[in-house]
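Participant: Pasted the sequence and its predicted model underneath.
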Amino acid sequence: MVEFQQIFQVPAVVQASAPGRVNVLGEHTDYNEGFVLPTAIPQHTTVFLSYSPDSNHHFYSTNLNEGITVNPAASPPSGFARYLDGCVRVLQQAGYEIPPLNGLVTSTVPIGAGLSSSAALEVAMLRGLRSLLHLDLTDVQLAQLGQQAEIQYAGVHCGILDQMAASLADPEHLLFLDTRSLDRQLLPLPAGTELVVIDSGVARSLASSSYNQRRAECEAAAHLLGVKALRDVSDPQQAERLPAPLCYRARHVITENDRVLRVLTGLSAGTFGDLMNASHASLRDDYEVSVPALDALVALLQTTPGVFGARLTGAGFGGACVALGVKGEAGAIGAMALQRYAQAGYHGHVLVPQ
């Protein structure tokens, strides 16, 4: 890569990429050891690596036009470099020796849109390190290491969904994943359908949002119900025993897990869309992670011709929405929804299809 050579005065030795993801069903269930249904999106993050000429790491982001030098013996950095440095540190914790590095990052995955830009960066970095240093690591192990990097160095106590999607999903299938056992299978979309993903234009930050609070509430609910995780409760009526707001949080997780499991039976596009609509209502009312812009965009999508169902995707508090539409009509659906969204005073843009 010419830019790498210009910045670091040496050529890149390896490059590796990982995709962003959109979660179609199964929101806030992964850290409850439940079930999720993501798919990869066309946008990727790519990391180029070579060896550093000195004892420091040198990282550069083309998107931010920003470079940083990191002393491996010093405290972890902030900003984009915390993900790269975090990947190095979790590998070192696992017993691998990592030399000082030059690293350049470029990405088409939108930041703050709920499409796992951080997981794409982590998995791309770990793939690059696996290639550069010939590390004997599986794709699942890369996802687990990426999750630890996010938890320890980005301050987000996340589940495994995003990193598993970045490491194992593809754009042609849905990835059904049991986040407890990591059992998984690739599933087709309902016949005659395709996905539309629209950025609401409202960015969000998980570390500064209520994400970690929701996780704590779920852990408290599981404790009161006497189970290891909310995944172990299948009857929504059990949630009614809990005080507010724990009863609402638990009810969302229990019903959301059921929605994902129903997909395994093979569903029509209409039934699948109904599950997406129900998921959004649950995220809005019981889990309370939606915002007015997301609700407006979802409502517009749900009433756009050719759409079977729509919901927010990602952790919420802003970000993107996903809709299931008639195959071949995704572009028209996105354009019509955006026009109506703009008339309502909001500004978003279509992410998928590109």
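Facilitator: Noted; the coordinates are in hand. Residues are numbered from 1 along each chain as shown.

Participant: Identify the residues contacting the nearest residue to Phe80 once chain neighbours are set aside.
Facilitator: Residue nearest to Phe80 in three dimensions, not counting chain neighbours: Ser61, with 4.9 Å by C-beta to C-beta, 6 or more residues apart in numbering. For every residue, glycine as well, the C-beta is placed using N, CA and C. By C-beta atoms under 8 Å, 6 or more residues apart in numbering, Ser61 lies in contact with 67, 80, 104-106.

Participant: For Ser61, give the beta-bridge partners.
Facilitator: Beta bridges link Ser61 to Glu66, Val105, judged by DSSP bridges.

Participant: just checking, His347 touches Gly201?
Facilitator: Yes: with contact defined as C-beta atoms under 8 Å, His347 reaches Gly201; the gap is 4.7 Å.

Participant: Work out the sheet partners of the longest strand along the chain and label each with its direction, please.
Facilitator: When the chain is parsed with DSSP state E, its longest strand is strand 35-51. Strand 35-51 has these partner strands in its sheet, going by DSSP bridges: strand 14-25 (antiparallel), strand 101-107 (antiparallel), strand 174-178 (antiparallel).

Participant: May I have the second one exported as PDB, CA atoms only?
Facilitator: Taking only C-alpha atoms (Å, rounded to 0.1, in the frame of the first residue of the first chain), the coordinates of strand 101-107 have been written out as PDB:
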ATOM      1  CA  LEU A 101       4.600  -2.900  15.200                       C
ATOM      2  CA  ASN A 102       3.700  -0.400  12.600                       C
ATOM      3  CA  GLY A 103       0.000  -0.500  11.900                       C
ATOM      4  CA  LEU A 104      -2.300   1.400   9.500                       C
ATOM      5  CA  VAL A 105      -6.000   1.200   9.600                       C
ATOM      6  CA  THR A 106      -8.500   2.100   7.000                       C
ATOM      7  CA  SER A 107     -12.200   1.400   7.200                       C
END
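
Participant: Report the next helix or strand after that strand in sequence order.
Facilitator: Sequence order places helix 117-133 as the next helix or strand after strand 101-107, per DSSP states H and E.

Participant: What is that following helix packed up against?
Facilitator: Applying 3 or more C-beta pairs under 8 Å, 6 or more residues apart in numbering; DSSP states H and E, we find helix 117-133 packed against strand 14-25, strand 35-51, helix 81-93, strand 101-107, helix 139-154, helix 161-168.
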